[in-house]
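In: fold the following, please.
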Amino acid sequence: MIARLILTLVALSLTAGMAEAQDWQPNAAMLALYDKAKAEGEIDLWAPAAIENSWVPEYFAKRFPGITVKTTADLQGATKIIAEARAGRHSVDTWTFAIGGMIEVQKRDLLATIDWARYGIDPANTFFGGQAAATHNFIYTSIYAKQSVAKADLPKTWADYLDPKWKGRLVAQSFLLPRMMGFFALVWGPEKTEEWGRKLIDDQKILIVNTPTEAYLKSGERAIAVGESITLAYQYKADGVDVDYFTLDLVPAGQFASTVLKDAPHPNGALLMAAWLASDEGRGLYESVVHEADIRPGSKSPYAKEIAAAHAQPVLEDVNTMEQRAKYYEGYSALVRGQN
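Out: Next up, the predicted model:
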């Protein structure tokens with residue numbers, strides 16, 4: 001299904017993607033880097049899932065022809081990178097991942113420190129002292145089945161889900177809901193967030209599932225999926241389900257970034273790829289091709305404009321809060337799974 005989604009979204013967004021390419025041009029430093037990268041001939045790009053990097057070779061080749069891009073999708077990339085380094089082997093050039101998933105690799109001093117500003121990237125969009133640069137956000141949202149609820153009747157805030165009218169009409173994934181609650185705890189505090197979660201489960205009888213919520217929305221068994229992602233909304237649409245996402249008062253957003261491995265086998269290509277993914281063009285393509293928007297301050301993203309128009313508050317992941325959020329997640333995961 002993911003492979004079909006990739007093909008569908010790439011086909012639908014080709015025109016938009018090329019418009020992005022025409023609006024942005026690499027600076028002199030990046031062009032000089034491109035000349036060196038062509039001599040290396042290839043780049044090994046790792047990401048946690050195919051949707052994150054399967055689209056990259058096509059678009060990268062349009063901007064920087066003559067370099068072969070090999071992609072690997074592996075959710076356990078951090079573990080494998082660390083194991084390779086211990087064995088004295090290095091196969092990864094550029095790695096994209098959530099910054100929380102990068103931390104163990106970063107702690108082992110396996111990431112290169114880059115002068116991102118040289119390639120036109122705002123230092124405010126970098127992490128770990130220049131070892132990673134922002135690409136896009138994993139944005140938590142809610143998805144509703146149009147056949148089951150009118151847009152005018154949708155909740156306006158996350159607290160509105162506690163209205164009795166939503167009892168028995170909600171569904172959530174056990175993987176995503178507690179992660180989203182970790183963001184809420186940063187704003188509401190852990191006690192209020194736990195109370196909200198318990199009421200969803202005990203009073204509202206939210207259905208907790210270990211699979212995508214698509215089938216429950218399609219069948220009408222449940223009207224709204226709580227704590228999904230915008231990307232999943234487009235995936236469900238591509239599968240023929242009449243759904244849409246909607247923006248509430250808080251917009252939790254995990255942070256993805258690109259980084260260069262310190263011992264990358266193709267160091268110039270690795271840097272070229274990482275800088276391009278973090279550029280205006282790269283971030284624009286993440287949104288136009290696979291609907292993964294950048295909503296950091298200063299973003300040109302259409303979805304960032306939607307958030308501003310809705311007067312919603314983004315809750316961004318950063319290096320100062322990600323470990324605390326991970327601790328919150330552990331507790332909320334036990335709650336959602338009925339272990340607490």
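In: the strands in this protein, which residues?
Out: Secondary structure of the chain by DSSP state E: the strands cover 42-47, 68-73, 94-98, 126-127, 132-145, 170-173, 207-209, 224-229, 243-246, 250-260, 313-316.
In: looking at those strands, which is closest to residue 336?
Out: Minimum separation from residue 336 across those (CB to CB) falls at strand 207-209, 5.8 Å. Quick note: C-beta positions are derived from backbone N, CA and C, even for glycine.
In: would you reformat the strands of the chain as TSV and include distance to residue 53, mean neighbour count and mean pLDDT?
Out: Below are these laid out as TSV (distance: least, CB to CB, whole Å; neighbours: other CB atoms under 10 Å; pLDDT from 0 to 100):
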stretch	distance to residue 53	mean neighbour count	mean pLDDT
strand 42-47	4	22	98
strand 68-73	5	16	98
strand 94-98	7	25	97
strand 126-127	19	21	97
strand 132-145	11	26	97
strand 170-173	23	23	98
strand 207-209	27	17	97
strand 224-229	17	27	96
strand 243-246	23	20	97
strand 250-260	10	25	97
strand 313-316	23	17	96
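In: with respect to residue 199, which of the ones you listed lies nearest?
Out: Among the strands of the chain, the nearest to residue 199 by CB to CB is strand 170-173 (11.3 Å).
In: list the helices and strands the closest one packs on?
Out: If you count contacts as 3 or more CB pairs under 8 Å, 6 or more residues apart in numbering; DSSP states H and E, strand 170-173 packs onto strand 207-209, strand 224-229.
In: with respect to residue 294, which of those strands lies nearest?
Out: With CB to CB, the closest approach to residue 294 among the helices and strands packed on strand 170-173 belongs to strand 224-229: 14.3 Å.
In: what angle do the closest one and strand 250-260 make?
Out: Angle of strand 224-229 versus strand 250-260, following axes from the mean of the first three to the mean of the last three CA atoms, to 10 degrees, is 30 degrees.
In: summarise which helices and strands strand 224-229 is packed against.
Out: Packed next to strand 224-229, using 3+ CB pairs under 8 Å, 6+ apart, are strand 132-145, strand 170-173, helix 177-188.
In: tell me which strands the longest one pairs with, and in which orientation.
Out: Strand partners for strand 132-145, identified by DSSP bridges, are recorded as strand 126-127 (antiparallel), strand 224-229 (antiparallel), strand 243-246 (antiparallel), strand 250-260 (antiparallel).
In: give me the neighbour count for residue 162.
Out: 16 (other CB atoms under 10 Å).
In: which residues are in contact with it?
Out: By CB atoms under 8 Å, 6 or more residues apart in numbering, the contact list for residue 162 reads 196, 199, 200, 203, 204.
In: just the buried members of the residues you listed?
Out: 196, 200, 204 (16 or more other CB atoms under 10 Å).
In: what sits closest to the residue nearest the centre of the chain if chain neighbours are left out?
Out: The centre of the chain sits closest to residue 138, judged by CA atoms, centre = their mean, with a distance of 2.8 Å. Closest residue to residue 138 apart from its sequence neighbours, by CB to CB, 6 or more residues apart in numbering: residue 254 at 3.8 Å.
In: my guess is that neighbour meets residue 101, correct?
Out: No: Residue 254 is beyond contact range of residue 101, at 9.5 Å (criterion: CB atoms under 8 Å).
In: residue 155 reaches residue 161, doesn't it?
Out: Yes: Residue 155 is within contact range of residue 161, at 5.7 Å (criterion: CB under 8 Å).
In: which residue ranges of the stretch 1-150 of the chain form helices?
Out: Along the stretch 1-150 of the chain, the segments classed as helices by DSSP state H, counting those that start in this stretch run 2-23, 28-40, 50-53, 56-63, 77-86, 99-107.
In: residue 47: what's it in contact with?
Out: Per CB under 8 Å, 6+ apart, neighbours of residue 47: 53, 71, 72, 73, 74, 77, 95, 96, 97.
In: and with 6 Å instead?
Out: For residue 47, the contact set (CB atoms under 6 Å, 6 or more residues apart in numbering) comprises 53, 73, 96.
In: do residue 184 as well
Out: By CB under 6 Å, 6+ apart, the neighbours of residue 184 are residue 193.
In: before we move on, back to that, export the helices and strands packed on strand 224-229 as JSON lines, with columns for distance to residue 117.
Out: Formatted as JSON lines, those follow (distance: least, CB to CB, whole Å):
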{"stretch": "strand 132-145", "distance to residue 117": "10"}
{"stretch": "strand 170-173", "distance to residue 117": "39"}
{"stretch": "helix 177-188", "distance to residue 117": "29"}
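In: surely residue 230 meets residue 143?
Out: No: assessed by CB atoms under 6 Å, residue 230 is found out of contact with residue 143, at 8.8 Å.
In: any shared contact partners between those two?
Out: Common neighbours of residue 230 and residue 143 (criterion: CB under 6 Å, 6+ apart): residue 245.
In: got the CA coordinates for stretch 200-219 in PDB?
Out: Only the C-alpha atoms of stretch 200-219 are listed here, as PDB (Å, rounded to 0.1, in the frame of the first residue of the first chain):
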ATOM      1  CA  LEU A 200     -11.200   9.400  26.100                       C
ATOM      2  CA  ILE A 201     -10.700   5.800  27.000                       C
ATOM      3  CA  ASP A 202     -13.100   5.400  30.000                       C
ATOM      4  CA  ASP A 203     -15.900   7.900  29.200                       C
ATOM      5  CA  GLN A 204     -15.800   8.300  25.400                       C
ATOM      6  CA  LYS A 205     -15.000   4.700  24.700                       C
ATOM      7  CA  ILE A 206     -12.400   5.500  22.100                       C
ATOM      8  CA  LEU A 207     -11.500   2.500  20.100                       C
ATOM      9  CA  ILE A 208      -7.700   1.800  20.300                       C
ATOM     10  CA  VAL A 209      -6.300  -0.200  17.400                       C
ATOM     11  CA  ASN A 210      -2.900  -1.500  16.400                       C
ATOM     12  CA  THR A 211      -3.500  -1.000  12.700                       C
ATOM     13  CA  PRO A 212      -4.300   2.000  10.500                       C
ATOM     14  CA  THR A 213      -7.700   3.500  11.200                       C
ATOM     15  CA  GLU A 214      -8.600   3.700   7.500                       C
ATOM     16  CA  ALA A 215     -11.000   0.700   7.600                       C
ATOM     17  CA  TYR A 216     -13.000   2.100  10.600                       C
ATOM     18  CA  LEU A 217     -13.500   5.400   8.900                       C
ATOM     19  CA  LYS A 218     -14.500   3.800   5.600                       C
ATOM     20  CA  SER A 219     -17.000   1.500   7.100                       C
END
